[in-house]
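Asks: sequence unavailable; structure follows:
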């Protein structure tokens, strides 16, 4: 009987460790948020819209890009800022991986693609994106996960998070991405500063995306 309290405390400690590990794993598997591509030319904002993951260009190192290689002539003058890149990516059963299409602005074509979180601060991409990604590369998180958009219906059972995004997601050379909310914000780093406006906002409201996801 003298050992019972110690056993109880050990059980409680193990239970707490298990819960903490599970919570950390859940955060690590969240692909939403703003991600800096490997060569630093753009940030891609990923959010869940109507049960699928979508990604758009949220910041450009060189502002004013146009989708000039789109085979649809009517879209060749559309800005690349806010342009959908990751298209209707659905979670694969049993793994922390999402599969869908990626738009490559270099040739105006769509390709099969997958995204997979690596820990909480990296995202592995397979596919061709904007001409700077063909095959695969790893993106780095610059803003924390994004909660479900109030403007669209989530898939049943999809987790929801709350909080506030830091307004420090982009370097001084461009506008800083900001969204409606976040958990696990990324600390401010050198070369980053706050901005008064977010040119993209809730990506689920963007016309090019809303027509697909609603």
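Replies: That came in fine, so what should we check first? All values reported here derive from a predicted model rather than from experimental measurement.
Asks: and residue 208, what is it in contact with?
Replies: Residues near residue 208 by CB atoms under 8 Å, 6 or more residues apart in numbering: 56, 78, 82, 83, 84. From N, CA and C alone the C-beta is placed, and that goes for glycine too.
Asks: what about the third one, neighbour count?
Replies: If I follow you right, that is residue 82. Summarising burial for residue 82: neighbours were counted as other CB atoms under 10 Å, giving 18.
Asks: and for the second one?
Replies: Here the number of neighbours of residue 78 (other CB under 10 Å) works out to 17.
Asks: helix or strand, whichever it is, which one in this protein has the lowest mean pLDDT?
Replies: Averaged element by element with mean pLDDT, DSSP states H and E, the chain has its least confident helix or strand at helix 4-28 (a mean of 44).
Asks: the helices in this structure, which residues?
Replies: For the chain, helices defined by DSSP state H occupy the ranges 4-28, 207-213.
Asks: quick check: mean pLDDT of the last one?
Replies: Same thing as helix 207-213. For helix 207-213, mean pLDDT rounds to 73.
Asks: which two of the contacts of residue 208 have the greatest separation?
Replies: Checked with CB to CB, the contacts of residue 208 reach their widest spread between 56 and 78, with 11.9 Å between them.
Asks: leaving out chain neighbours, which residue sits closest to residue 56?
Replies: On the basis of CB to CB, 6 or more residues apart in numbering, the spatially nearest residue to residue 56 that is not a chain neighbour turns out to be residue 203, at 4.9 Å.
Asks: can you check residue 61 too?
Replies: Across the structure, with CB to CB, 6+ apart as the measure, the residue nearest residue 61 apart from its sequence neighbours is residue 41 (4.7 Å).
Asks: so, low pLDDT: which residues of the protein?
Replies: Judged by pLDDT under 70, the chain has its weakly predicted residues at 1-28, 128-134, 150-196, 212-214.
Asks: what about 90?
Replies: 1-29, 38-39, 50, 102-112, 125-137, 147-199, 207-214 (pLDDT under 90).
Asks: count the neighbours of residue 51 for me.
Replies: Applying the criterion other CB under 10 Å, we find 17 residues in the vicinity of residue 51.
Asks: about what we covered before: of all the contacts of residue 208, which comes closest to residue 197?
Replies: For residue 197, the nearest member of these is residue 82. The distance, counting by CB to CB, is 13.4 Å.
Asks: hang on, isn't that closest one packed against residue 205?
Replies: No: using CB atoms under 8 Å, residue 82 is not in contact with residue 205, being 10.3 Å away.
Asks: one step back: burial count for the residue nearest to residue 56?
Replies: For residue 203, the count of nearby residues is 27 (other CB under 10 Å).
Asks: before we move on, what about residue 46?
Replies: By the measure other CB under 10 Å, the count of residues near residue 46 is 27.
Asks: and residue 29, how far from residue 44?
Replies: 18 Å (CB to CB, to the nearest Å).
Asks: could you do residue 199 as well?
Replies: Separation of residue 199 from residue 44 (CB to CB): 14 Å.
Asks: before we move on, what about residue 56?
Replies: Between residue 56 and residue 44 the distance is 7 Å, computed by CB to CB.
Asks: next one: residue 52
Replies: From residue 52 across to residue 44, the span is 15 Å (CB to CB).
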